[in-house]
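Student: Attaching a predicted model along with its sequence, questions to come.
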Amino acid sequence: MIRDQRREWVAAYLLILPFVLIYGVLFLWPTVQMVYLSFTDAPLIGPGKWIGIENYVEMFDDRRFWTSVRNTGYFVALTVIPNTLIGLAIAMMVSRLKGWQQSVILAMFFLPYILPVSVVYRIWNWMFDLQFGIMQHPIALILGKPTPVFRTQWLFMPSVAFVTIWWTCGFNILLFLSGLRSISTDIYEAAALDNASRWTIFRRITWPLIWPVTALVLTIQLILQLKIFDQVYLFVQGGRPDPSMVMVQYIYSQAFQKNEGGYAAAISVALFVIVIVVSLLQFQFLRARGEK
């Protein structure tokens, strides 16, 4: 018995060893190096001298850093909850379809998700073009005249958020559709026999049973949107980057454009802490909400 247990332990350790090695080399060691680098004045490539917490003191006094934090938070507010609710609404509509119709509609919604960000940028930059973009027609009806949305400060973030939701919503739809399919039809049939309205069925049956998937989608979206970079960087080309700068873009600016690796590492540590703290707070809130 003791020999069999030892063999099982050895086999278990051998199976998890590759993952532990890869995780340590690709995540833990770079994280430790990033934290160490944040206490130095090192350039992007090469060593630097130890300066203690000077980078962090400079960061907290940096107006551009706080601008990037506000812009990131604003973008998260514009995308996380709307993207989740839109994905749930579309998934519920798609779930009512059957056969090839459901497959075709689901593929149409999921297709944008597989596009690279450069293609998404080209599509929507053309559609919002001031001279011939087809989106300028509804914009002119609302604002009274054609408007360059990616060159207008108050429209920039909402426009990028709109594009992001269009681009990433397909994955949320797929997750919600999987959750909806796991709900037994017997529950809905029993509710129909009791003459329950659609709103009652959603509030009393669908929403509580789909809540674990909703919490998963919210968490994934929160982490992804806190790390927003590609869309903002591409759409801001030719405009003023500072008013619309997000945190990862600011890290890129400090590291690759100004060659301040130590200061960029300090901002990266701040973003890392923000992602962990906000994710944990949201997880605790969603778990408490799900237990009610």
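Tutor: Received the coordinates, thanks. It should be emphasised that the depicted structure is a prediction, and the values quoted were computed from it without experimental measurement.

Student: And the host helix or strand of I276, what's buried?
Tutor: Taking DSSP states H and E as the definition, one finds I276 inside helix 261-291. Going by neighbour count (16 or more other C-beta atoms under 10 Å), the buried part of helix 261-291 is 261-271, 278, 282, 286. For the C-beta atoms, the positions are set from N, CA and C on the backbone; glycine is no exception.

Student: And stretch 102-121, by the same measure?
Tutor: 106, 109, 112-113, 120-121.

Student: Stretch 134-143 now?
Tutor: 135-136, 139.

Student: CSV for those, including distance to A11, pLDDT and secondary structure?
Tutor: Shown next, in CSV, are those (distance: C-beta to C-beta, whole Å; pLDDT from 0 to 100; DSSP: H, G, I helix; E, B strand; the rest coil):
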residue, distance to A11, pLDDT, secondary structure
M135, 59, 90, coil
Q136, 64, 89, helix
I139, 63, 88, helix
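
Student: can you give me the helices in the stretch 101-250 of the chain?
Tutor: Taking DSSP state H, counting those that start in this stretch as the criterion, the stretch 101-250 of the chain contains helices spanning 117-127, 136-143, 153-181, 185-193, 198-201, 207-226, 230-235, 247-252.

Student: which of those sits most buried?
Tutor: Comparing the helices of the stretch 101-250 of the chain by mean neighbour count (mean count of other C-beta atoms under 10 Å), helix 247-252 comes out on top with a mean of 21.

Student: what's the longest helix in this protein?
Tutor: Ranked by residue count under DSSP state H, the longest helix found in the chain is helix 63-95.

Student: And the average pLDDT for that one is what?
Tutor: Looking at helix 63-95 alone, the average pLDDT works out to 93.

Student: Any stretches of the stretch 101-250 of the chain with poor pLDDT?
Tutor: Across the stretch 101-250 of the chain, residues meeting the criterion (pLDDT under 70) sit at 238-241.

Student: could you redo the last one with a cut-off of 80?
Tutor: 237-242 (pLDDT under 80).

Student: Out of the helices of the stretch 101-250 of the chain, the one nearest Y36 is which?
Tutor: Proximity to Y36, assessed across the helices of the stretch 101-250 of the chain by C-beta to C-beta, is greatest for helix 247-252 (16.6 Å).
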